[in-house]
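Colleague: the amino acid sequence is not available; the structure is as follows:
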């Protein structure tokens, strides 16, 4: 049996916009490494995470299998802040060792078996290595061409053998998994998502995680006038999103009786906007208690009657905390495509009794006036009501 020239399996992580952070870069990198370590606790493999110049390397224990390296790579692919994840091999800093590893890796690829064109891309981060990047390209590329007869295509290769010379070792790999990009979760603070069971709010939550926010989730249930189906659905959505940030919390507000009070206020056309304002006031009260600095909604401008510019303005007036709307310029097709990509669409499309169905006027107001809404809130004593609702929340920890 021939001994493999490939060294130890490892995982190489490429950073995105973090590299542009200048003097603050160290803070973002520390947060990212902490998030990576937290995520890998679920994999069951003891790893050594080390920062390099512009990359992060994850070294597996001695004797680790390629399957374990693959499990590590797949898990960290969900961690925001990374743009590429490579299943790599760690070989000695010796031109001969690199040559043998590159040959073997290319020969094992499906592209080589099909006779597809290839290229070698080398990067020498350690300038003490005896061969320059272009010299390493020619050395390994020439050997692959001689050994397997593969044509060279430097513009559009089907197979690319990557060689990265680092401080203590050389990494050799082909291909990779696209990462989530963005910033490390937690680097921008904490926010609270108003989580319905629909398509939009889970996507909004994900988009703000990618901007570095760690989010909690607040769901308004129609209980006691609806079943618990919407809570189960919200819980399933939070579980699906938790892989991007970890330690997610779901808070549920029994909102049915408050909705009944709004319905009997006699302002049928304003009921939906009055309800939204009360939800935002309640969310603001909860946010203060959990030290969240902003609210997040899945609003998209003009998508439904409550999301006209006038109605969005009326909702903003209800609270002092900023309301972040990452989907405001998206259309439904774009939102659904993103929901499908992150795995929430199938859950969101499950049927449930949404609390919003309790307030469905024949004709909704598209130009709500703030003074009219304040009159409704005065009759409801909305300021006291939102405190009572916040007092009644239940926490669901994953």
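Modeller: Right, received. Where do you want to start? Everything numeric here is computed off the predicted structure, so don't read it as measured data.
Colleague: now do the domain split for this protein, please.
Modeller: 8-178, 189-397 (automatic domain parsing).
Colleague: could you look over those and pick the most buried one?
Modeller: The highest average neighbour count among the domains of the chain, using mean count of other CB atoms under 10 Å, belongs to domain 189-397 at a mean of 19. (C-beta placed from N, C-alpha, C; glycine too.)
Colleague: just name the shakiest helix or strand of this structure by mean pLDDT.
Modeller: helix 256-263 (a mean of 88; mean pLDDT, DSSP states H and E).
Colleague: and that one, what does it pack onto?
Modeller: helix 271-290, helix 370-380, helix 382-391 (3 or more CB pairs under 8 Å, 6 or more residues apart in numbering; DSSP states H and E).
Colleague: tell me where the stretch 151-300 of the chain has strands.
Modeller: Using DSSP state E, counting those that start in this stretch, the strands of the stretch 151-300 of the chain run over residues 159-165, 170-174, 177-178, 189-194, 213-221, 249-254, 295-296.
Colleague: what's the offset of the first one from the middle of its chain?
Modeller: Average the C-alpha atoms of strand 159-165, do the same for its chain, and the two points are 28 Å apart (CA atoms, centre = their mean, to the nearest Å).
Colleague: tell me the strands beside it, with direction?
Modeller: With DSSP bridges as the test, strand 159-165 is paired with strand 118-124 (parallel), strand 170-174 (antiparallel).
Colleague: low pLDDT regions in this protein?
Modeller: 1-3, 266, 353-363 (pLDDT under 70).
Colleague: at 50 instead, please
Modeller: Within the chain, the ranges that satisfy pLDDT under 50 run 1-2.
Colleague: ok, residue 25 touching residue 16?
Modeller: No. If you go by CB atoms under 8 Å, residue 25 and residue 16 don't touch, sitting 11.9 Å apart.
Colleague: who's in contact with the closest residue in space to residue 289 that isn't next to it in sequence?
Modeller: Spatial nearest neighbour of residue 289, excluding adjacent residues (CB to CB, 6 or more residues apart in numbering): residue 390 at 6.8 Å. Contacts for residue 390 were tallied using CB atoms under 8 Å, 6 or more residues apart in numbering; they are 253, 282, 285, 286, 289.
Colleague: now tabulate the residues you listed in CSV and tack on distance to residue 46.
Modeller: Shown next, in CSV, are the contacts of residue 390 (distance: CB to CB, whole Å):
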residue, distance to residue 46
253, 41
282, 44
285, 43
286, 38
289, 38
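Colleague: which two in those residues are spaced the farthest apart?
Modeller: 253 and 289 (12.5 Å; CB to CB).
Colleague: and what about the residue nearest to residue 246 when sequence neighbours are not counted, helix, strand or coil?
Modeller: Nearest residue to residue 246, sequence neighbours excluded (CB to CB, 6+ apart): residue 38, at 5.2 Å. Per DSSP: H, G, I helix; E, B strand; the rest coil, the secondary structure class of residue 38 is helix.
Colleague: likewise residue 70?
Modeller: Per three-state DSSP, residue 70 ends up helix.
Colleague: without its sequence neighbours, what residue ends up closest to it?
Modeller: Here the residue nearest residue 70, using CB to CB, 6+ apart, is residue 87, at 6.2 Å.
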